[in-house]
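Colleague: Dropping a prediction and its sequence here:
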Amino acid sequence: MITRTRYNPKDIEQKWQARWEASNQYHAPDDSPLPKYYNLMMLPYPSGDLHMGHWYNYTPADAFGRYKSMNGFNVMQPIGFDAFGLPAENAAIKRGVQAHDWTLANIERMRKQMKIIGTRWDWEREIISCLPDYYKWTQWLFLQFYKNGLAYHTKAPANWCPSCNTTLANEQVLADGTCERCGTRVIRKEIEQWLFRITKYADELLKFDGLEWPEKTVTMQRNWIGRSEGAELRFYVDFDGKREEVPVFTTRPDTIYGATFFVLAPEHPWIQKLTTPDQQAAVDAYIEQASHMTEIERLSTEKEKSGVFTGGYVTNPISGEQVPVWVADYVLMSYGSGAIMGVPAHDERDFEFARKFGIPIRQVVLPEGEEPSDPATWTEAKIAHGRLINSGQFDGTPAEDALKAVTAYAEEKGIGEHRVIFRLRDWLISRQRYWGCPIPIVYCPEHGTVPMPEDQLPVILPEHVQFKSTGESPLRYEPDFVNTTCPICGGPATREADTMDTFMCSSWYFLRYADPKNSEAAWSAEAIKRWEPVDQYIGGAEHATMHLLYARFFIKALRDMGHLNFSEPFTRLFHQGMVLGPDGQKMSKSRGNVEAPDGYVDKYGTDTVRCYMMFIGPFDAGGSFKAENLEGVWRFLNRFWSVITENWDATTTIEDDSSESRAIERLRNKTIKRVTEDVSNFRFNTALAALMECNNVMIKQQNEPVAKSAAYRRTLETMIQLLAPMAPHITEELWEVTGHPESVHLSTWPTYDEEKTKDENFTLVIQVNGKVREKIEVPSDISEEDVRKIALDNPRVASFIGENTIRKVVYVPGRLVNIVATR
RNA sequence: GCCGGUGUGGCGGAACGGUAUACGCGUCUGUCUCAAAAACAGAUCCCGCAAGGGUUGGGGGUUCGAAUCUCCCCACCGGCACCA
């Protein structure tokens, strides 16, 4: 017997965390003979305090890593900090501290808080993206992209946040046209900037073969990439006998004869060429107005089409017809060619536009089973495909051939071709910010844009700068940084003062974890071969179209450059849900429903908070944080503690074959099965429920003779192991107390015997016409004849059958029998 | 508008097409206590004295049998949003 003690989480947790750290138990060695398992969670931004969301992400993810480790894997579970970014800069401006100091102090604080979670992180592999030994390689990667033509510098309209004073990637502008970070209205601004040619990989990024990713995320990425198949067709104008072409992209080349107008985006370079003198003023006014329009205003007038006639005409290359050219802001310069053919009969938007401006509508497609009708009577465009009419030589072409026929004709005549385009735009990585990774580029009056030689990396970001109250990047006013010499000629030159989007840092950090201390290279081939790709990635769904897309792009590009030999970074992906406040609303300071974990850890200990996080509900569903529900988990852990400490007796070895003993052994096997299946599928809530049930039975039996059996003792032991991933400290203590010299986390996950999970008896449910009428305990190996006999002989059952004739008897072995009886 | 997801007691949530409501919270009753808390024991979907009947957002279908499959509708959540 063990001397009875009370469960005291504080002492236990401190004790074990110290021991784990001292023994470096969670370092994943590079030379282990065990198969590797790379269990990754998204690295945090060092905001300064760990909140419930962090706990909700890390706790189940850690339980999974521990489970894998107990199953014989060399689990690598690293952590680090995504340490560049705007909040540090804002804090610097607001509080007069340096972003560098603020960030490192936050990391220090967070690291302490993170250790309290009791997570099996391999701190030896920690990376901090804002330190030169990391960002040196981010810069090196930039140079590789540059050398391979995947990074380019250009002046182009960009999303500009006037409050953050920086450009934003498309992915960082919200649907309502505001800045993702500060909510300010984003405007468009022409600016010199660096872009990454992610569009080159658009097609490959659409493939998700072999990935176990949430269907939702795959769909979101597919939609974001937005592949469209169609044709480019070139309309033309003859200027003084000289023919010039204006291409359009269309997914419906079959409707070419229905093009009754032509539209240019307000930024289209052809507008001035086509505008007639009498329309000049109107066109100028329209363009002026469109350029001042913010995204929000465009959206608010979403339903109402606007536009202006240029007075000019272009010729339809297939029908030879001249069509009027309009300018309208529903055509986007950034998609396709910035020009469209308007086919009002068969496109909703064109229909609306033609209706508003009195442009003729001509039907050229006849959907299956319809007769031609007067478009003036229509209330909407006919989108459906069909047989072509009013289409000259194409008349009568059936729906299935129409697209190909027109495209083939255009190709033959040299006036167009089949084409695939994407909604995905190139990734804008320039940020007009200070606290980011410097772009290793120098501008020389003599040699232009010059990449820094690799052996001169890193380009060091100054740690102390003078902040501007405007929020403007102080970096461009740092003479020591900006003024430099040209790597080619040694003459005076200017350094690029923009820094990189922080998504650059997080697009490759999971590679660095494999070889975090390498000072010769970003990684070694051996390290990559050993650890990559990531087996399991766990993090928020908000990164579906940003981080997760950029990282995939990085890996594919680096593969093609010869730096890697795999194509997908994350084999399995899981998105945890969101923890909400007690009111079911998103936690926010303004709502006043923010719950910090610290107080609860103080009161109940880490293990209770961990288990509670997993017990709230399905891991991908999230849920409300309700403090009163912690009580239940707390009681469970206390009962767990006492049932083991009060009943543990290592000397009990009675292998009796009583039915009670067999029942306990069955419970043990069943529980192993349930917990194993649940944990491996991230169903921690039901795994804990299974353990609670098992615990409840053990408590019920503790004063019975069976508590002296070996089966009972074994079950106590098994329970400790099964709970270990979720509650690593209490189980470690109990494992020690029950006489095991080695850490429970280094023990081998218990296995079960399928035979021993089977009940000796079961409750036979007898239904009459699908309704439950009787329940009888019967032996599991009962024959069907016996079941039928029992069922039909049962007086209650008989009374429900009454005068009716038995039509059918359905027997589901081990469960129920259903007697179908009608008149 | 388009795409995806969800809808089960007072609450969080369980249920290979087969006993709906496991596990936990809360509530009620009891034990202990001068008392309270904690702990422990029991009860707890609805109607009905009972027999019985009803119940998984609403309506239909498939099936011996549907929370589960299928169709339509409603509500909520997430994503995209004039992408030609």
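Modeller: Good, I have the coordinates.
Colleague: contacts and neighbour counts: CA atoms only from here.
Modeller: OK.
Colleague: neighbours around A:E742, how many?
Modeller: Using other CA atoms under 10 Å, A:E742 has 11 neighbouring residues.
Colleague: ignore the last one, A:F309
Modeller: 22.
Colleague: Please apply the same query to A:E803.
Modeller: Quick note: A:E803 (other CA under 10 Å) scores 11 neighbours.
Colleague: residues touching the residue nearest to it when sequence neighbours are not counted, list them.
Modeller: Residue nearest to A:E803 in three dimensions, not counting chain neighbours: A:R823, with 7.3 Å by CA to CA, 6 or more residues apart in numbering. Taking CA atoms under 8 Å, 6 or more residues apart in numbering as the criterion, A:R823 is in contact with A:803-805.
Colleague: Mind picking the lowest-pLDDT entry from the residues you listed?
Modeller: Within the contacts of A:R823, A:E803 has the lowest pLDDT, namely 83.
Colleague: ok but it is inside a helix, no?
Modeller: No. Counting by DSSP: H, G, I helix; E, B strand; the rest coil, A:E803 falls outside a helix, being coil.
Colleague: tell me which strands and helices the longest strand seen in chain A is in contact with?
Modeller: Counting residues, the longest strand found in chain A (DSSP state E) is strand A:227-239. Contacts defined by 3 or more CA pairs under 8 Å, 6 or more residues apart in numbering; DSSP states H and E place strand A:227-239 against strand A:242-250, strand A:308-315, strand A:416-422.
Colleague: quick one: the strands in the stretch 251-400 of chain A?
Modeller: A:261-264, A:308-315, A:322-327, A:339-342, A:365-367, A:386-388 (DSSP state E, counting those that start in this stretch).
Colleague: Quick check: mean pLDDT of the longest one?
Modeller: On average, the pLDDT along strand A:308-315 is 95.
Colleague: Now do the phi/psi pair for A:P725.
Modeller: Main-chain dihedrals, A:P725, degrees, to the nearest 10: phi -60, psi -40.
Colleague: Flag every residue of the stretch 351-500 of chain A that's near RNA strand B.
Modeller: Proximity of the stretch 351-500 of chain A to RNA strand B, by CA under 7 Å from any atom of the strand, involves residues A:422-423.
Colleague: which regions of the stretch 351-500 of chain A lie under the pLDDT threshold?
Modeller: A:470-471 (pLDDT under 70).
Colleague: Would you verify that A:T718 is located in a helix?
Modeller: Yes. The assignment for A:T718 is a helix, going by three-state DSSP.
Colleague: Let me know the secondary structure of the residue in the stretch 651-800 of chain A that RNA strand B sits nearest to.
Modeller: Residue of the stretch 651-800 of chain A nearest RNA strand B, by CA to the nearest atom of the strand: A:A689 (3.7 Å). Secondary structure, three-state DSSP: A:A689 is helix.
Colleague: Kindly report the same for A:N57.
Modeller: Secondary structure, three-state DSSP: A:N57 is helix.
Colleague: Next up, phi/psi of the residue lying closest to it once chain neighbours are set aside, please.
Modeller: In space, and not counting its chain neighbours, A:N57 is closest to A:Q576: 6.2 Å by CA to CA, 6+ apart. Backbone torsions of A:Q576, given as degrees, to the nearest 10, read phi -70, psi 160.
Colleague: ok, A:Q576 - contacts?
Modeller: Contacts for A:Q576 (CA under 8 Å, 6+ apart) come out as A:56-57, A:538-541, A:619-622.
Colleague: Most proximal residue of chain A with respect to RNA strand B?
Modeller: Chain A approaches RNA strand B most closely through A:T250 (2.8 Å), counting by CA to the nearest atom of the strand.
Colleague: Any idea how many residues pack against that residue?
Modeller: For A:T250, the tally of surrounding residues (other CA under 10 Å) stands at 25.
Colleague: residue boundaries of the strands in the stretch 451-600 of chain A?
Modeller: A:483-485, A:492-495, A:499-500, A:534-539, A:570-575, A:579-580.
Colleague: can you tell if the fifth one touches RNA strand B?
Modeller: No. Strand A:570-575 lies out of reach of RNA strand B by CA under 7 Å from any atom of the strand, never closer than 11.2 Å.
Colleague: just the angle between that strand and strand A:534-539, please?
Modeller: Counting by axes from the mean of the first three to the mean of the last three CA atoms, to 10 degrees, strand A:570-575 lies at 20 degrees to strand A:534-539.
Colleague: Please enumerate residues in contact with strand A:570-575?
Modeller: By CA under 8 Å, 6+ apart, strand A:570-575 touches A:210-214, A:533-541, A:620.
Colleague: Let's see that with 7 Å instead.
Modeller: Residues outside strand A:570-575 that contact it (CA atoms under 7 Å, 6 or more residues apart in numbering) are A:211-214, A:533-541, A:620.
Colleague: thinking again about what came up before, got JSON lines for the strands of the stretch 251-400 of chain A, with distance to A:Q466 too?
Modeller: Putting these into JSON lines (distance: least, CA to CA, whole Å) gives the following:
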{"stretch": "strand A:261-264", "distance to A:Q466": "46"}
{"stretch": "strand A:308-315", "distance to A:Q466": "49"}
{"stretch": "strand A:322-327", "distance to A:Q466": "47"}
{"stretch": "strand A:339-342", "distance to A:Q466": "47"}
{"stretch": "strand A:365-367", "distance to A:Q466": "66"}
{"stretch": "strand A:386-388", "distance to A:Q466": "66"}
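Colleague: Nearest approach to A:G436 belongs to which of the ones you listed?
Modeller: A:G436 lies closest to strand A:339-342 among the strands of the stretch 251-400 of chain A, at 37.7 Å (CA to CA).
Colleague: Next one: that closest one, is it in contact with RNA strand B?
Modeller: Yes. Using CA under 7 Å from any atom of the strand, strand A:339-342 comes into contact with RNA strand B via A:339-341.
Colleague: Below-threshold pLDDT in chain A: ranges please.
Modeller: In chain A, residues with pLDDT under 70: A:1-4, A:169-172, A:174-177, A:180-181, A:292-303, A:470-471.
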